[in-house]
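[1] coordinates only, sequence not included:
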C-alpha cells in the first residue's frame, strides 16, 4: 500500500500573538499529502480536521495499538478506492485551559482568525490545493465537531463542506450537567483561584476535575469578560449554583441549534452537511444533533445524519464514513 507524506508546518501566528493566556503564537500544523503528490502537478481538495477539547493536530498522528492514526486511515481509504486523494490539515488550537472552540475570544485569543485567515492561506499558498470553498472541508469530533459547524456556517466562502462527529450542540443538555461537577470540584480543590493556578498538578484528575476545567474553558470562549478576575463570567452562581440568565444567554448565542435561523442561507449553500453521534453519548450530544437536523429540515437545508451504537469515546472509526462523504460531495 502506498503511503502519503506528513509535513509539519510551523506557523508564526499574528492572530495569536500576545494572547491573554500567554499561549505560544508559534504553532506546529501537520499537513498530510496523499500518495503520488510529489510526482505530479495535480491539485487536491483539502480537509481541515479539528481535534476535540484538550487536543491538538499532532495528536491525530499518534500511534495506536488497536487503531489507525489519521494518515494510516487515509492511506488505506485511498488504496481501497473509497476516497479520492486529498490533503489533510490538522490545526493546533489548544490553550492552557484545554481548548478554544475555534472561535475568537478576549479570554483565550483569536483562534477563528488563526484557522480561517492564517492556516488556510498558508496551506493554499504552499501546497497544490484546489483553493476554493467547493474543494475545502471542515471536519472534527466533539469540540472539533462544534468548530466544523461554526466555521462552516460563519465562513461558507471558505468551507463549502462540513462534517461534525458528536459535536457540542444544544448546550442545555451537553454543558449544564458539568456545572454540578464544577461546584463539587471547586470545594474539593480550594476554589477557582487555586484551581486556576494548580489544575495541571492536581491528582487524581477525576470527573469533577474535568467538569471544572471544561466549564472554565467554555466560559472563556462563550462569556469572556476582560474586567473579570480571570477574564470570563460563569453562567451560574459559584456558591449556590443558581443560573445567571444574562450570562447563560451569552453562551446560547454560540449554540449552533439557535444559529440555524441566522445562518440558514450559508448552511443551504454548503455542498455537504454531515452530522453523527452515538446513541449513548456521555454528553447527550445525540439530542443536540437531532435538534440541529430538525432545524435544518425546517429551512430546507439538506444534510446527512447518522447515529451509532456507541458513546463519545473511541469513535474515530466513524471517520471512514465522513471522509467518504466528503470525497463524494466535493466538487
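    All right, it came through fine. In this text the structure is predicted, and so the values were computed from the model without any measurement.
[2] burial of the closest residue in space to residue 199 that isn't next to it in sequence, as a residue count?
    Leaving aside its sequence neighbours, residue 199 sits nearest to residue 213 (C-beta to C-beta, 6 or more residues apart in numbering; 6.0 Å). Where you see a C-beta, it was placed from the backbone N, CA and C, and this is true even at glycine. By other C-beta atoms under 10 Å, 25 other residues sit near residue 213.
[3] and residue 213, what does it touch?
    The contact partners of residue 213, by C-beta atoms under 8 Å, 6 or more residues apart in numbering, come to 97, 98, 199.
[4] Next one: it from residue 62, what distance?
    Look at residue 213 and residue 62: by C-beta to C-beta, to the nearest Å, they are 21 Å apart.
[5] do the same with residue 289
    Counting by C-beta to C-beta, the gap from residue 289 to residue 62 is 26 Å.
[6] before we move on, what about residue 327?
    In terms of C-beta to C-beta, residue 327 sits 24 Å off from residue 62.
[7] which of those two has more neighbours?
    In terms of neighbours (other C-beta under 10 Å), residue 327 is the more surrounded of residue 327 and residue 62; the figures are 20 against 9.
[8] Let me see the contact set for that one.
    Shown in contact with residue 327 (C-beta under 8 Å, 6+ apart): 45, 82, 83, 84, 86.
[9] Can you point out the buried residues in the longest helix along the chain?
    The longest helix of the chain (DSSP state H) is helix 207-222. Neighbour counts over helix 207-222 (16 or more other C-beta atoms under 10 Å) mark 208-222 as buried.
[10] residues near the nearest residue to residue 17 once chain neighbours are set aside, how many?
    In space, and not counting its chain neighbours, residue 17 is closest to residue 25: 4.5 Å by C-beta to C-beta, 6+ apart. Residue 25 is flanked by 16 other residues according to other C-beta under 10 Å.
[11] same thing with residue 55?
    With other C-beta under 10 Å as criterion, residue 55 counts 21.
[12] element containing it?
    Using DSSP states H and E, residue 55 falls within no helix or strand.
[13] my guess is it contacts residue 95, does it?
    No: between residue 55 and residue 95 there is no contact, the gap being 11.3 Å when judged by C-beta atoms under 8 Å.
[14] and the gap between residue 172 and residue 63?
    In terms of C-beta to C-beta, residue 172 sits 38 Å off from residue 63.
[15] Could you do residue 104 as well?
    Distance from residue 104 to residue 63, by C-beta to C-beta: 34 Å.
[16] More neighbours: which of these two?
    A count of neighbours by other C-beta under 10 Å puts residue 104 above the other of residue 104 and residue 63, at 17 against 8.
[17] residues contacting the more buried one?
    Residue 104 neighbours (C-beta under 8 Å, 6+ apart): 110, 111, 112, 113.
[18] who does it bridge with?
    In this entry, residue 104 is beta-bridged to residue 110, by DSSP bridges.
[19] what ranges do the helices span in the chain?
    So, for the chain - with DSSP H - the helices run 70-79, 111-113, 120-126, 143-154, 171-174, 176-189, 192-198, 207-222, 245-252, 264-269, 285-298, 319-329.
[20] So for residue 304, which of those sits nearest?
    helix 319-329 (6.2 Å; C-beta to C-beta).
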